[in-house]
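S.K.: I would like the atomic coordinates for the input below:
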Amino acid sequence: MAGPISPLPFLRQLRGDPLGLGRSARSRHSEELEPRTKTADRVVQSVCPYCAVGCGQRVYVKDEKVVQIEGDPDSPISRGRLCPKGSASESYVNSPIREYKIKYRPPHATGWEELELDAAMDMIADRVIRTRAQTWEEETEDGKPLRRTLGFAVLGGATLDSEENYLMKKFFSAAGAVSIENQARI
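M.R.: Numbers count the residues shown, from 1 in each chain. A predicted model of the protein is given here:
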């Protein structure tokens, strides 16, 4: 059986130590610490990239580097709260394994190659145009108009803004795509 509970933490609280931690919880180092948010050069509003909820974030930047990301209390969606993934956004941005270059693995290759942005964009455009031409259905067998392709599909993202999703929908509808969906709806 345990002994009697010591009244010492309670007495410390009465004497001006409201958390009852005492000097053992303090060090010179911890006394000198400042929050990363206090030393930031600027704060940028953003939206969490992980899901369709769109939680607001405050991104703290110092010397052009993200030093902290926290929930935005002014956000009507999340009111300053972030889930564990959103709270870990800073490590996503500053990860030592983050890729900054376009990578491409050719068919049957065993490794990745770096590509320039223009080359990658041209490659994608060529494939969309070629696929559309090869899979285009102008009309049914009995002559009813189709004017469509089932050769490619489009999936919009919940982290894209409304304008980006709108333009994707408009472009691929005009290109004749039928399979157009958005992650936020799935």
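
S.K.: Next, count neighbours for Tyr100.
M.R.: Neighbours of Tyr100 under the rule other Cβ atoms under 10 Å: 4. The way it works is simple: take the backbone N, C-alpha and C, and place the C-beta from them, glycine included.

S.K.: Next: the one 4 residues further on.
M.R.: Burial measure for Tyr104: 12 neighbouring residues, criterion other Cβ under 10 Å.

S.K.: How is this protein divided into domains?
M.R.: Using automatic domain parsing, the domain parsing of the chain gives 42-93, 102-185.

S.K.: chain center to the last one: distance?
M.R.: To tie it back to what came earlier, the one meant is domain 102-185. Centroid separation for domain 102-185 versus its chain: 22 Å, with Cα atoms, centre = their mean, to the nearest Å.

S.K.: Going by residue numbers, what spans are helices in the chain?
M.R.: Secondary structure of the chain (DSSP state H): helices located at 8-14, 28-32, 84-87, 89-93, 117-135, 162-174.

S.K.: so the last one versus helix 117-135, what angle?
M.R.: Pointing back at helix 162-174 there. 40 degrees (axes from the mean of the first three to the mean of the last three Cα atoms, to 10 degrees).

S.K.: before we move on, back to that, between the helices of the chain, which has the poorest average model confidence?
M.R.: Out of the helices of the chain, helix 8-14 stands lowest, with a mean of 70 (criterion: mean pLDDT).

S.K.: returning to that earlier point: adding mean neighbour count and distance to Ala184, write the helices of the chain out as a markdown table.
M.R.: Shown next, in a markdown table, are the helices of the chain (neighbours: other Cβ atoms under 10 Å; distance: least, Cβ to Cβ, whole Å):
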| stretch | mean neighbour count | distance to Ala184 |
| --- | --- | --- |
| helix 8-14 | 12 | 49 |
| helix 28-32 | 7 | 43 |
| helix 84-87 | 14 | 16 |
| helix 89-93 | 15 | 19 |
| helix 117-135 | 12 | 23 |
| helix 162-174 | 13 | 8 |
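
S.K.: just so I know, which of those lies nearest Arg105?
M.R.: Arg105 lies closest to helix 117-135 among the helices of the chain, at 12.4 Å (Cβ to Cβ).

S.K.: tell me what that closest one is packed against?
M.R.: Using 3 or more Cβ pairs under 8 Å, 6 or more residues apart in numbering; DSSP states H and E, the elements in contact with helix 117-135 are strand 102-104, strand 145-156.

S.K.: if we compare those, which one ends up closest to Leu82?
M.R.: When the helices and strands packed on helix 117-135 are compared by Cβ to Cβ, strand 145-156 sits nearest Leu82, at 23.3 Å.

S.K.: Who are the packing partners of that closest one?
M.R.: Short answer (3+ Cβ pairs under 8 Å, 6+ apart): strand 145-156 packs on helix 117-135, strand 136-139, helix 162-174, strand 177-182.

S.K.: which stretch among those comes nearest Glu31?
M.R.: Of those, nearest to Glu31 by Cβ to Cβ is helix 162-174, at 47.4 Å.
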